[in-house]
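Chemist: Predicted model and sequence follow; I will ask about them next.
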Amino acid sequence: MSVFFQAYPLLRPALFALEPETAHALTLSTLQRMHDMGWTRPARAPDRPVTLMGLTLPNAVGLAAGLDKNGAHIDALGGLGFGFVEIGTVTPRPQPGNPLPRLFRLPRAEALINRMGFNNDGLAVFLANVQRSGYRSRGGILGLNIGKNADTPIDKAADDYLAGLEAVYPHADYVTINISSPNTQNLRSLQGADELSSLLRQLDQARDTLAARHGRRVPLAVKIAPDLDESQIDAIADLLPRHGIDGVIATNTTLSRDAVQGLPHAGEAGGLSGTPVREMSLRVVERLRRQAGDALAIIGVGGILEGRHAAEKLAAGADAVQLYTGLIYRGPALVGDCLAAVSRVRR
């Protein structure tokens, strides 16, 4: 196991003493340097290939979008043992996101609150980074996550998603449509049945055109919130397959604060992730699988801080899982822990 894997628990107190975004940038730059020197090869369980949205993944443990918004560290992150890596969210035009501070730790709850607001350098920089990476050429599975610019009116949101899809399509193994961030005004309204149906119809039609142009059909996934009620989940389970969508990522962050009441930063605006989302996302995964059957691939996300949490997502009906906040609290050794746990679970 690499020095970075072994050292993370010792380094975490120093990192947590820093402002969260500063610590995040420092961690990624350190990981990149170690990758460049060949120091990040993990000790990992044997790969157990799985099929997801028609793609063959080396294993069922992936990296969630948000950790590498601009795709600047794809190779370094891909070297940690993930079966697939998702980057973004990218918007058509660069945008700074919300004002600082916008990322907060809640260590007692093993949670984060963020209101980043799709901060990114835009499609041109994003695609240059993707093309510079060697991850896909070495067989890595890369998901590209797209969103809308904050100043695009919600009734014009489809224009941004269509522009994003056309730009990223040639460079993606799958594309994720992010309609569930709580940090872009009115974005979650796109999860309503009528709004979602209209957006998905346009995206599926555009995908048909792009598939003919590029000679391959790229799978589409939709990322949804954990705050949906059962009727909303059922509507999504019905709508996505009807419009040719291949998968669903369940879930994004929550607006609920029930699990963190009274903790420092609990009152900050934004999406809550980590342990408090674990049961919420599990509920959505279970309901989706019950309603959609095998018509949708499901990627379970939220509150995975131990291998057994990844295994329970698969047992609930997920085909694969993604990690984010757990990496902040546990470090890269969490990947191997999850690989070992999910290798014992078959849906």
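Modeler: Thanks, I have the structure now. Numbers count the residues shown, from 1 in each chain.
Chemist: Can you name the residues that contact residue 75?
Modeler: 35, 133, 134, 135 (Cβ atoms under 8 Å, 6 or more residues apart in numbering). Yep, even glycine has a C-beta here, placed from its N, CA and C like the rest.
Chemist: same check, this time on residue 94
Modeler: Neighbour list for residue 94: 120, 121, 122, 125 [criterion: Cβ under 8 Å, 6+ apart].
Chemist: go with 6 Å
Modeler: 121, 122 (Cβ atoms under 6 Å, 6 or more residues apart in numbering).
Chemist: distance of it from residue 197?
Modeler: Counting by Cβ to Cβ, to the nearest Å, the gap from residue 94 to residue 197 is 30 Å.
Chemist: Likewise for residue 143?
Modeler: Taking Cβ to Cβ as the measure, residue 143 falls 23 Å from residue 197.
Chemist: How about residue 220?
Modeler: Residue 220 is 14 Å from residue 197, by Cβ to Cβ.
Chemist: ditto for residue 265
Modeler: Taken as Cβ to Cβ, the span from residue 265 to residue 197 is 37 Å.
Chemist: Direction included, what does the strand ranked longest in the chain pair up with?
Modeler: Taking DSSP state E as the criterion, the chain has its longest strand at strand 84-90. Using DSSP bridges, the strands paired with strand 84-90 in its sheet are strand 61-63 (parallel), strand 142-146 (parallel).
Chemist: So which of those strands is nearest residue 27?
Modeler: strand 61-63 (13.5 Å; Cβ to Cβ).
Chemist: which outside residues touch the closest one?
Modeler: Strand 61-63 is contacted from outside by 77, 82, 83, 84, 85, 320, 321, 322, 338, 339, using Cβ under 6 Å, 6+ apart.
Chemist: Cross those against helices and list the overlap.
Modeler: Using DSSP state H, the members of these that fall in helices are 77, 338, 339.
Chemist: can you pull up the bridge partners for the residue nearest to residue 16 when sequence neighbours are not counted?
Modeler: Nearest residue to residue 16 in three dimensions, chain neighbours excluded: residue 105, at 6.5 Å (Cβ to Cβ, 6 or more residues apart in numbering). On the basis of DSSP bridges, residue 105 is bridged to residue 112.
Chemist: Quick one: neighbours of residue 105, just the number.
Modeler: Applying other Cβ atoms under 10 Å, we find 21 other residues in the vicinity of residue 105.
Chemist: thinking again about what came up before, to residue 89, which of the strands paired with strand 84-90 lies closest?
Modeler: Of these, the one closest to residue 89 (Cβ to Cβ) turns out to be strand 142-146, at 4.7 Å.
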